[in-house]
Structures are given as C-alpha cells and as structure tokens.
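A.B. asks: Build the 3D model from these lines:
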Amino acid sequence: MIVALLLAAATPATPPVLVASHRSCWQASSENALDGIRLCKAAGIDIVEVDVRTTSDGVLVLMHDETVDRTTDGHGAVASLPARSIAALRLRRGGGGADAALTDRRVPTLDQALRATRGRTIVNLDVKAADIDRVIDTVVRAGMGRRVLLNVPCDVDAAIVDRARRAGVVLQPVYIERSAGLSVEQALAPWRDRPVGAVQLVFDDPTLLDRARAVLPQTRIFVNTMAYDIATGSPMRLSATYLDTTAITHPDRIWGGLIRHGVSIIQTDQPLQLRAWLGARTGAAAK
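C.D. replies: Just a heads-up that it's a prediction; the model follows:
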C-alpha cells in the first residue's frame with residue numbers, strides 16, 4: 001500500500017501525508033541502527049532515512065559522519081576502515097557522543113538495512129560517500145527497487161537516471177535553495193520528463209514550495225523539519241521556521257502549514273508525534 005502511495009503520489013487531489021523518520025528512530029535506539037529501523041517499522045512510520053558510506057574495501061555501510069568516532073566505540077574515517085573492523089564496533093545510544101552509553105548494536109551494511117525494511121516501510125537513502133551505481137546494484141540485489149527513495153542531486157547524470165529507471169529504483173532529486181546555482185524552476189525543469197518519486201526541498205523562503213509545485217504538480221514534495229544537528233546541536237536551517245521544536249506544541253502551524261503549501265512527505269526527528277497528529281487530524285476531518 002505504501003509503495004503505491006509513493007509511486008502514484010499525486011493522483012488524488014490531496015495525497016496522504018507520509019512520515020519520514022530522520023536516521024531511523026534514533027532517539028529510541030541508535031543512529032542508523034537496525035533496531036531503529038525495526039522500531040520505526042513497528043510504529044507504522046512510512047519512511048525510514050539512512051545514510052550510506054563506503055568502507056576501505058568497498059562495502060556500503062550506514063554511517064552519517066565521515067568518521068565512526070561520534071556514534072561508535074571506534075575511531076577513524078569510514079573510508080579508511082575495512083568492513084570487518086566497522087562490523088566489530090559497538091554503536092552508542094541515541095545520537096552518540098563520548099558520554100553516550102555503548103550498546104550491543106552494530107553498524108549495519110546497506111544490504112542488512114534494506115532487508116530490515118521489508119514489508120510496509122520505504123527506505124530513503126541519503127548517499128554521503130558511495131558510488132550511485134553500486135548503491136543501485138545493492139538495492140536491486142536485495143529486491144528492494146520499488147521500496148527505495150534514492151536521493152540524487154538535481155543535476156545528476158542522465159546515465160544514472162536511465163540506470164535507475166531500468167532497475168525500477170525511485171529517485172528523489174534534492175534542491176538546496178541557498179547553494180543552488182539555478183532557480184528552482186530551472187533545476188526541476190528536466191525532471192518533468194523523468195521518473196521521480198518525490199522532490200526534496202531545502203529552503204529559506206516558503207514560497208519556493210509553491211514554485212516547485214508549479215513545475216512538478218504531480219510530484220510529492222519532501223521537506224525536513226529537524227531543528228538541530230544531532231552531532232553539534234547547531235541549527236540545521238532546512239525549512240525556514242518550520243521546525244520540530246515549534247511543531248511539538250503548535251503542530252498545525254508547522255506541519256499543517258507545510259501541508260497547506262502542498263508538502264506530502266515530512267522528515268522529522270519526532271516521527272511518532274507527527275504520525276499521531278496526522279492520525280488525529282484525519283480522524284477529525286472524517287467526522
């Protein structure tokens with residue numbers, strides 16, 4: 001059901017809003033952990049986001065940072081460590097850091113993570129440092145082509161688009177307003193004729209949402225409401241003033257405001273609260 005909602009996103013006049021959990025329910029588990037994926041899945045979260053990097057011997061693993069230092073009991077760059085060394089590390093609880101307790105959880109490979117999402121859940125792949133072709137190969141090998149939302153730059157090579165189309169992998173172009181060299185209209189124009197599951201927007205001006213909808217009216221809009229970076233505590237500045245910190249007490253102003261702009265996928269550090277609010281909102285509308 002969830003796959004149909006994503007791939008046929010804008011057929012209904014008002015498509016259902018999907019909840020995406022940032023780094024897979026990390027607050028109740030560990031960042032990018034299999035337990036976090038399973039927790040999200042059990043809670044009915046629609047999409048789990050994970051970060052992908054490559055080990056020194058070419059294995060794709062889940063890790064947000066360039067190094068393993070913050071989230072594990074190890075040290076060093078992911079790209080400098082072999083997979084067997086990373087597999088032996090223990091993940092720290094929650095968002096990690098030197099004071100976070102060690103757990104018995106391990107750093108998953110991408111293949112393990114994909115298999116853990118089997119069933120209702122979509123996995124959003126945020127590729128930090130990995131060859132896109134190798135990521136697609138792993139997705140296809142796991143039989144997860146139509147259960148993945150793969151982040152790519154708006155100007156991704158056309159060969160990657162064609163490869164993803166042939167493999168049945170759903171792409172999500174990412175547009176970052178403050179660093180883009182093109183207007184949103186220019187950046188998204190090529191995607192009118194390409195298969196796309198959603199477009200992710202990082203914006204300072206909320207009118208960008210409406211402009212993107214005008215370019216791709218049949219495509220889901222994906223935004224992020226996480227307020228602070230897990231590692232540093234600094235503001236993430238992903239969606240102007242539409243932040244989780246305010247949404248907790250004023251969900252209609254933040255999450256509801258985004259929905260009124262046509263957003264239909266919201267990624268958050270508060271997935272359970274967002275899901276509960278959406279459920280209550282849907283129930284109230286049905287009465």
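A.B. asks: Wait, Ile230 touches Asn32, no?
C.D. replies: No - applying C-beta atoms under 8 Å, one finds Ile230 not in contact with Asn32, separated by 10.8 Å. All C-beta atoms are positioned from the backbone trio N, CA, C, and that covers glycine.
A.B. asks: Kindly format the C-alpha coordinates of the helix ranked longest in the chain as CSV.
C.D. replies: Of all the segments assigned as helix in the chain under DSSP state H, the longest by residue count is helix 271-286. What follows is helix 271-286 as a C-alpha-only set of coordinates in CSV (Å, rounded to 0.1, in the frame of the first residue of the first chain):
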residue,chain,number,x,y,z
PRO,A,271,8.1,10.8,13.8
LEU,A,272,5.7,9.4,16.5
GLN,A,273,4.3,12.8,17.4
LEU,A,274,3.9,13.7,13.7
ARG,A,275,2.1,10.3,13.0
ALA,A,276,-0.2,10.8,16.0
TRP,A,277,-1.1,14.3,15.0
LEU,A,278,-1.8,13.3,11.4
GLY,A,279,-4.0,10.5,12.7
ALA,A,280,-5.9,12.8,14.9
ARG,A,281,-6.2,15.3,12.1
THR,A,282,-7.5,12.7,9.7
GLY,A,283,-10.0,11.4,12.3
ALA,A,284,-11.3,14.9,13.0
ALA,A,285,-11.8,15.6,9.2
ALA,A,286,-13.8,12.4,8.8
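A.B. asks: Give me the buried stretch members for it, please.
C.D. replies: Under the neighbour-count criterion of 16 or more other C-beta atoms under 10 Å, helix 271-286 has 271-275, 277-278, 281 buried.
A.B. asks: ok, now which ones touch the residue nearest to the spatial centre of the chain?
C.D. replies: Nearest to the geometric centre of the chain sits Glu49, at 3.5 Å (C-alpha atoms, centre = their mean). Shown in contact with Glu49 (C-beta atoms under 8 Å, 6 or more residues apart in numbering): 20-24, 123-124, 126, 267.
A.B. asks: switch to 10 Å and redo it
C.D. replies: Residues in contact with Glu49 (C-beta atoms under 10 Å, 6 or more residues apart in numbering) are 20-24, 26, 32, 40, 64, 122-126, 149, 151, 224, 267, 271.
A.B. asks: Keep only those of those that are in strands.
C.D. replies: Counting by DSSP state E, the contacts of Glu49 place 20-21, 122-126, 149, 151, 224, 267 in strands.
A.B. asks: Helix, strand, or coil at Val202?
C.D. replies: strand (DSSP: H, G, I helix; E, B strand; the rest coil).
A.B. asks: can you map out the helices along the stretch 1-150 of the chain?
C.D. replies: Along the stretch 1-150 of the chain, the stretches classed as helices by DSSP state H, counting those that start in this stretch are 2-7, 34-42, 83-87, 110-116, 132-141.
A.B. asks: Mean neighbour count, distance to Ile248 and mean pLDDT for those - can I get that in a markdown table?
C.D. replies: Below are the helices of the stretch 1-150 of the chain laid out as a markdown table (neighbours: other C-beta atoms under 10 Å; distance: least, C-beta to C-beta, whole Å; pLDDT from 0 to 100):
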| stretch | mean neighbour count | distance to Ile248 | mean pLDDT |
| --- | --- | --- | --- |
| helix 2-7 | 16 | 25 | 52 |
| helix 34-42 | 21 | 19 | 96 |
| helix 83-87 | 17 | 35 | 98 |
| helix 110-116 | 21 | 28 | 96 |
| helix 132-141 | 18 | 34 | 97 |
